[in-house]
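Student: this is the structure alone, sequence omitted:
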């Protein structure tokens, strides 16, 4: 591996969160972002199939993540715990905010057909959504948007990775079965 | 109702209970019913669906939930509007179901996204990042660079700050109240009245003063003598009480 790829490997190993290209490039500003991009490709290739961890592009940055096939074993040994699953109400609210952002509570309530204030508060608390601005109109309502943390828990590189609305099937599908007890 | 194919949701004789939590809201419940009945969402058999919806929320005891009640009212209104006669070929006619269908389709889209998001989150949850690391504590101070003289000078400064110890020896000095009482009795025998200075001599110690004072108070309490002070800060006058009785 090139010295720059090794430097990236060290930095990404040390970090416990995704690091953006900008952050990584600050390690050695004189090298320039293009060199870092190449080094990231090199590093990702080096961590191909021969390693237990992979270099993942996630939340507009890069992070070393364990390979999926070891999830059960690591979880069972309780070396690391899987995050709590989100409730259907939380996912509905997240979906609406993700696609309509910036969006106010009233619109979320309208689409869901139920009051969503408590759900939004919980999402704010978990750092998955944030207040991005205030809307025009009566009372200048708070408008919400998703955070990098939202991308991180979904393993998304950016919002572009969300499915396009026109890609969704229009045919009536069965509603999701209720969550199995955990 | 009996004309409809029974669905597990509304079969009320089975004791099959559906929790409110199972549905995210009235739209979710509606979609569930539409799926159960396998009807076309864009050509909603509103009468059938409205009846089912009412039956379910009655059975489920959901009728406290305002969101469900509001939807029930909306369904009934649409049902009524559908029953109004209309002329054939009336282009002005607007399907009263249109708004509800639009909302259902929109909500269905959201449910589809929810499935997608849930799958994405489940996949992500199978990959662990490095564990959470608390932010590191502040860096320790740089190692101390000091020579012997500096060290000795510093030690001296510290030692100079230590105050001289104040030592007290505590010794028992019992009060001699009895002795003082005897002395006062002797004075009372001589004179009707006398002064504080007669009781305690010029060389009196704190113990003598305290003993005499307690003896005086005790005798005054017993009625042997009276203590008076003509004016503030004036010398105390000690006077024998009822000399005849005492005699």
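Tutor: It's in. Computed from a predicted structure; not experimentally measured.
Student: what is the burial count for residue 69?
Tutor: No chain specified, so I'll use chain A. If you count neighbours by other Cβ atoms under 10 Å in any protein chain shown, residue A:69 ends up with 9. No exception for glycine: its C-beta is placed from N, CA and C like everyone else's.
Student: the chain in question should be chain B.
Tutor: Residue B:69, neighbours per other Cβ under 10 Å, totals 14.
Student: next one: it, what pLDDT does it get?
Tutor: Here, the pLDDT recorded for residue B:69 equals 86.
Student: other SSEs contacting the helix or strand containing it?
Tutor: According to DSSP states H and E, residue B:69 maps onto helix B:66-83. Contacts defined by 3 or more Cβ pairs under 8 Å, 6 or more residues apart in numbering or on different chains; DSSP states H and E place helix B:66-83 against helix B:26-37, helix B:46-60, helix B:98-124.
Student: for that helix, buried residues please.
Tutor: B:67-68, B:71-72, B:74-76, B:78-79, B:82 (16 or more other Cβ atoms under 10 Å in any protein chain shown).
Student: chain A: which of the residues you listed is nearest?
Tutor: Lowest distance from chain A to the buried residues of helix B:66-83 (Cβ to the nearest Cβ) belongs to residue B:67, with 4.7 Å.
Student: which non-adjacent residue is nearest the closest one?
Tutor: Leaving aside its chain neighbours, residue B:67 sits nearest to residue A:114 (4.7 Å; criterion: Cβ to Cβ, 6 or more residues apart in numbering or on different chains).
Student: looking at it, that neighbour is touching residue B:23, isn't it?
Tutor: No: judged on Cβ atoms under 8 Å, residue A:114 makes no contact with residue B:23 at a distance of 9.4 Å.
Student: and chain B, is stretch A:155-166 touching that?
Tutor: Yes: with Cβ under 8 Å from any Cβ of the partner chain as the criterion, chain B is reached by stretch A:155-166 at A:155-156, A:162-163, A:165.
Student: check contacts around the nearest residue to residue A:64 once chain neighbours are set aside.
Tutor: Of all residues not flanking residue A:64 in the chain, residue A:53 sits nearest, at 4.8 Å (Cβ to Cβ, 6+ apart). Counting by Cβ atoms under 8 Å, 6 or more residues apart in numbering or on different chains, residue A:53 touches A:47, A:64-67.
Student: buried ones among those?
Tutor: Here, 16+ other Cβ under 10 Å leaves A:47, A:64-66 buried among the contacts of residue A:53.
Student: would CSV of these with secondary structure be doable?
Tutor: Shown next, in CSV, are the buried ones among the contacts of residue A:53 (DSSP: H, G, I helix; E, B strand; the rest coil):
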residue, secondary structure
A:47, coil
A:64, strand
A:65, strand
A:66, strand
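Student: which two in those are spaced the farthest apart?
Tutor: Spatial extent of these (Cβ to Cβ) is set by the pair A:47 and A:66 at 11.4 Å.
Student: how far away is residue A:5 from residue A:60?
Tutor: 20 Å (Cβ to Cβ, to the nearest Å).
Student: what about the helices in chain A?
Tutor: Under the criterion DSSP state H, chain A contains helices at A:3-14, A:21-25, A:32-46, A:71-76, A:88-100, A:105-112, A:117-125, A:148-154.
Student: what residues does the first one touch?
Tutor: It refers to helix A:3-14. So helix A:3-14 is in contact with A:1, A:19, A:24, A:27-28, A:31, A:35-36, A:39-40, A:42-43, A:46, A:55, A:62-64, B:130, going by Cβ under 8 Å, 6+ apart.
Student: and it with helix A:32-46, angle?
Tutor: 70 degrees (axes from the mean of the first three to the mean of the last three Cα atoms, to 10 degrees).
Student: next, the buried residues of helix A:3-14.
Tutor: In terms of neighbour count (16+ other Cβ under 10 Å), helix A:3-14 has its buried residues at A:4-5, A:7-9, A:11-12.
Student: that older thread, which residue in the buried residues of helix B:66-83 has the weakest pLDDT?
Tutor: Comparing the buried residues of helix B:66-83 by pLDDT, residue B:67 comes last, at 82.
Student: these two touch, right, that one and residue B:23?
Tutor: No: the criterion here is Cβ under 8 Å, and residue B:67 misses it with residue B:23 at 10.2 Å.
Student: next secondary structure after the helix or strand that contains residue B:152?
Tutor: Using DSSP H and E, residue B:152 maps to helix B:148-161. The helix or strand immediately downstream of helix B:148-161 is helix B:177-190, counting by DSSP H and E.
Student: what comes up buried for the helix or strand following that next one?
Tutor: Sequence order places strand B:193-195 as the next helix or strand after helix B:177-190, per DSSP H and E. For strand B:193-195, a neighbour-count test (16+ other Cβ under 10 Å) marks residue B:194 as buried.
Student: mean confidence score for strand B:193-195?
Tutor: The average pLDDT within strand B:193-195 is 86.
Student: now swap in stretch B:172-182 and tell me
Tutor: Stretch B:172-182 carries an average pLDDT of 84.
Student: same check on stretch A:119-130?
Tutor: In this model, stretch A:119-130 has a mean pLDDT of 93.
Student: same check, this time on stretch A:135-151
Tutor: pLDDT averaged over stretch A:135-151 gives 91.
Student: walk me through the domains of the chain.
Tutor: By default, I'm working from chain A. A:3-76, A:88-167 (automatic domain parsing).
Student: chain B was what I was after
Tutor: Taking automatic domain parsing as the reference, chain B has its domains at B:12-83+B:95-122, B:177-246.
Student: show me which helix or strand of chain A is least confident by mean pLDDT.
Tutor: For chain A, counting by mean pLDDT, DSSP states H and E, helix A:71-76 ranks last in confidence among helices and strands (a mean of 88).
Student: my bad, should have said chain B
Tutor: Per mean pLDDT, DSSP H and E, helix B:243-246 ranks last in chain B, at a mean of 50.
Student: could you find the closest non-adjacent residue to the most centrally placed residue in chain A?
Tutor: Central residue of chain A (Cα atoms, centre = their mean): residue A:151, 1.5 Å from the mean position. Once flanking residues are discounted, residue A:151 sits nearest to residue A:59: 4.0 Å by Cβ to Cβ, 6+ apart.
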